[in-house]
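S.K.: model the following, please.
(chains A and B, ligands or ions: 2)
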Amino acid sequence: MAKIIVVTSGKGGVGKTTTSAAVASALAMRGFKTAVIDFDVGLRNLDLIMGCERRVVYDFVNVIQQDATLNQALIRDKRLENLYVLPASQTRDKDALDQEGVKRVLDELAETFDYIICDSPAGIEHGAQMALYFADEAIIVTNPEVSSVRDSDRIIGILQSKSRRAREGGTVKEHLLLTRYNPERVERGEMLSVKDVEEILAIPLLGVIPESEAVLKASNQGVPVVHDQESDAGQAYDDAVARYLGEDRPHRFLDKQKKSFLKRVFGG
Amino acid sequence: MKSAAIVMKTGLVPLTTISLRTSSAETLNQELEQRRKEAPALFAGLPCLLDLDGLDPQEARLESLVGLLRQNGLAPVGVRNLHESWQSQCRDLQLADFGQASSRDADTDNTPPPRSVRVYQGNVRSGQQVFWDGDLIIHGMVSAGAEVLAGGDIQIMGALRGRALAGIKGDLQAIVSCLQFDAELVAIAGQYQLFDGQHECKGQAVVIQLQDDQLTLNGDA
Ligand SMILES: Nc1ncnc2c1ncn2[C@@H]1O[C@H](COP(=O)(O)OP(=O)(O)O)[C@@H](O)[C@H]1O
Ligand SMILES: [Mg+2]
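M.R.: Ligands and ions are numbered 1, 2, ... in the order given. Predicted coordinates:
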């Protein structure tokens, strides 16, 4: 049985798409057959982050409206043979997704895939609710700032009241992923600390992804950052997925990097 | 040997208390007759407890008081607040002595009717609202941007970072309590107070009540 994981946040620009691409890639690297779906109809960019934008022919809405089959729309990743992308439509309006249609696509994917990652659009309206409705688990992407944490809290409330599992009396398993974490700014009191966010949201911490130039570089190149195992963000995503799969890995990148002696003398 | 002839059970049987405020046979009889006419079905064979608090044994015989009740169809089964000098008469009349109890308690029951309690399992998240007519227990936290409302008390078994409004139908006795205080707003019976996140009780367990139209946290305004 496939596991459906929604990557959601409420707020936009916090790193959902970056996370969806990294998590899906890391799962595929470990041998799991994984599909990643862009639910951000009208603003698609998962295909850009995954580097497959030139190969988009059909999209999620085409499949839902039965203008194309699922196999016609799925794009196989260039690097990982276990990984497939279902891109969003660039032209349709946000309400093009309906619950019945989404269910049909997910059911068909579930027959052959191990993991289905749903990259949610921002907000708490229709699109975001479609992305989370069928989820078994949720990765709540949060930045260490008050407005992002507040929006995450709202989306957790929606998961707990409006998802299919909640409606059937169950729960959606939640994982907190704190991204764009900048220990220096936390130390200066400009950002919330890991502990603050954990306390406010009261859900288990899956990982902390540092603010990193490697992310921008990766998205410009269309290569999910987890492929860059030299980078802090790449390693942090890999840790998070390992933890998700049950490995015990200590949290890293939580403290300010100590400058080396040379850097302190000559500046850096 | 198992006894089947006698079965004993303890239970609460409703018993009407009749307090006599005078020992004048004439006055009592008049009033009893009048009441009996008003509600004959109620009086017929009504088991009752005779409260003798304040009556002077010098002025009347217990036997005649009990007789008055019986004549009017009542069935006294016992007495309460019996004066010492009436004790032997009481035994002769084969009435049970229910001892000394404040008749005021029996007459005016001040305990409010029990309120229904709702236990909400889990956290109340930003944008959510939980409402209950009676007392509300939140088995979790109330996030910033969340709101809990109750006709009675609100008890939060966790942090209160959002809004809590108790006694929303005007109950001045309602309380709000939480284990970790950092509320945005607390209201009791419409008296509300906003908090800016800098309160000295922040992070502490607090009980909030209304005293002279002022909200108090753990007793301090
Ligand atoms: N860990 C990070 N460090 C630096 N920049 C990041 C990080 N995560 C995301 N970003 C940047 O933030 C922006 C929004 O990221 P994206 O994944 O598209 O967010 P969302 O899908 O939530 O809108 C992008 O420009 C992305 O490069
Ligand atoms: Mg996105």
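
S.K.: from now on I want contacts and neighbour counts done on CA atoms only, so please keep to that.
M.R.: OK.

S.K.: just the endpoints, please. Distance across stretch B:65-84?
M.R.: 16 Å (Cα to Cα, to the nearest Å).

S.K.: do the same with stretch A:236-250
M.R.: 10 Å.

S.K.: is that stretch positioned near ligand 1?
M.R.: No: judged by Cα under 6 Å from any ligand atom, stretch A:236-250 and ligand 1 are separated, with a smallest distance of 9.3 Å.

S.K.: so what are the domain limits for chain B?
M.R.: B:16-97, B:117-218 (automatic domain parsing).

S.K.: hey, which of those domains is tucked in deepest?
M.R.: domain B:117-218 (a mean of 20; mean count of other Cα atoms under 10 Å in any protein chain shown).

S.K.: from the middle of its chain, how far away would it be?
M.R.: 25 Å (Cα atoms, centre = their mean, to the nearest Å).

S.K.: before we move on, what about stretch A:140-153?
M.R.: Distance, centroid of stretch A:140-153 to centroid of chain: 14 Å (Cα atoms, centre = their mean).

S.K.: that one near chain B at all?
M.R.: Yes: for stretch A:140-153, a contact with chain B is found by Cα under 8 Å from any Cα of the partner chain, at A:150, A:151, A:153.

S.K.: worst-scoring helix or strand of chain B, pLDDT-wise?
M.R.: Ranking every helix and strand in chain B by mean pLDDT, DSSP states H and E puts helix B:103-107 at the bottom, with a mean of 50.

S.K.: check which helices and strands the following helix or strand past it is in contact with.
M.R.: As assigned by DSSP states H and E, the chain's next helix or strand after helix B:103-107 is strand B:117-121. Other helices and strands packing on strand B:117-121, by 3 or more Cα pairs under 8 Å, 6 or more residues apart in numbering or on different chains; DSSP states H and E, are strand B:135-139.

S.K.: close to chain A, is the strand it packs on?
M.R.: No: Strand B:135-139 does not reach chain A (Cα under 8 Å from any Cα); its nearest approach is 13.3 Å.

S.K.: and the helices in the chain, which stretches?
M.R.: You didn't pick a chain, so chain A it is. Assigned by DSSP state H, the helices in chain A fall at A:16-29, A:46-49, A:60-64, A:70-73, A:99-110, A:126-133, A:146-162, A:164-167, A:183-187, A:194-201, A:213-221, A:232-244, A:261-266.

S.K.: hmm, no, I was thinking of chain B.
M.R.: Under DSSP H, chain B gives helices at B:25-38, B:40-43, B:62-71, B:87-92, B:103-107.

S.K.: what is the mean pLDDT for the shortest one?
M.R.: When pLDDT is averaged over helix B:40-43, the result is 74.

S.K.: run the chain-centre distance for it.
M.R.: The mean C-alpha position of helix B:40-43 is separated from the chain mean by 27 Å, Cα atoms, centre = their mean.

S.K.: for chain A, what lies in contact range of chain B?
M.R.: Checking chain A against chain B by Cα under 8 Å from any Cα, the hits are A:150, A:151, A:153, A:154, A:156, A:157, A:200.

S.K.: got a list of what the closest residue in space to residue A:200 that isn't next to it in sequence touches?
M.R.: Spatially, and ignoring its direct neighbours in sequence, residue A:200 is nearest to residue B:143 (7.4 Å; Cα to Cα, 6 or more residues apart in numbering or on different chains). With contact set as Cα atoms under 8 Å, 6 or more residues apart in numbering or on different chains, residue B:143 has these partners: A:153, A:200, B:123, B:124, B:125, B:126, B:159, B:160, B:161, B:162.

S.K.: now do 10 Å
M.R.: A:150, A:153-154, A:157, A:200-202, B:123-128, B:158-163, B:182-184 (Cα atoms under 10 Å, 6 or more residues apart in numbering or on different chains).

S.K.: distance check, it against residue A:152.
M.R.: 11 Å.

S.K.: same deal with residue A:58?
M.R.: In terms of Cα to Cα, residue A:58 sits 32 Å off from residue A:152.

S.K.: show me which of the two is the more surrounded one.
M.R.: The residue with more neighbours, out of residue A:58 and residue A:152, is residue A:152; 25 against 21, by other Cα atoms under 10 Å in any protein chain shown.

S.K.: quick check, that one in contact with residue A:175.
M.R.: No: using Cα atoms under 10 Å, residue A:152 is not in contact with residue A:175, being 11.3 Å away.

S.K.: identify the contacts common to the two.
M.R.: A:140, A:141.

S.K.: show me what contacts the closest residue to ligand 1 within chain B?
M.R.: Residue nearest to ligand 1 within chain B (Cα to the nearest ligand atom): residue B:126, separated by 19.4 Å. Residues in contact with residue B:126 (Cα under 10 Å, 6+ apart) are A:149-158, B:142-147, B:161-162.

S.K.: picking that back up, indicate which one of the helices of chain B is closest to chain A.
M.R.: For chain A, the closest of the helices of chain B is helix B:103-107, at 47.4 Å, according to Cα to the nearest Cα.

S.K.: find the residues that touch each one of residue B:143 and residue A:152.
M.R.: A:201, B:125, B:126.

S.K.: which residues does residue A:113 contact?
M.R.: A:1, A:2, A:3, A:4, A:32, A:33, A:34, A:35, A:82, A:83, A:84, A:106.

S.K.: identify the residue nearest the geometric centre of chain B.
M.R.: Nearest to the geometric centre of chain B sits residue B:111, at 1.4 Å (Cα atoms, centre = their mean).

S.K.: residue A:76 touches residue A:85, doesn't it?
M.R.: Yes: Residue A:76 lies in contact with residue A:85 (Cα under 10 Å); the separation is 6.4 Å.

S.K.: what sits in contact with each of the two?
M.R.: A:35, A:52.

S.K.: looking at these two, which is more packed in?
M.R.: When residue A:76 and residue A:85 are compared for neighbours, residue A:85 comes out ahead with 26 against 17, by other Cα under 10 Å.

S.K.: my read: the more buried one touches residue A:28, true?
M.R.: No: look at residue A:85 against residue A:28 with Cα under 10 Å: they stay out of range, at 11.8 Å.

S.K.: which neighbours do the two have in common?
M.R.: Common neighbours of residue A:85 and residue A:28 (Cα under 10 Å, 6+ apart) are A:34, A:35, A:77.

S.K.: out of the residues you listed, name the ones that lie in strands.
M.R.: A:34, A:35 (DSSP state E).

S.K.: make JSON lines from the shared contacts of residue A:85 and residue A:28 and add pLDDT to it.
M.R.: Output for these, formatted as JSON lines (pLDDT from 0 to 100):
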{"residue": "A:34", "pLDDT": "98"}
{"residue": "A:35", "pLDDT": "98"}
{"residue": "A:77", "pLDDT": "97"}
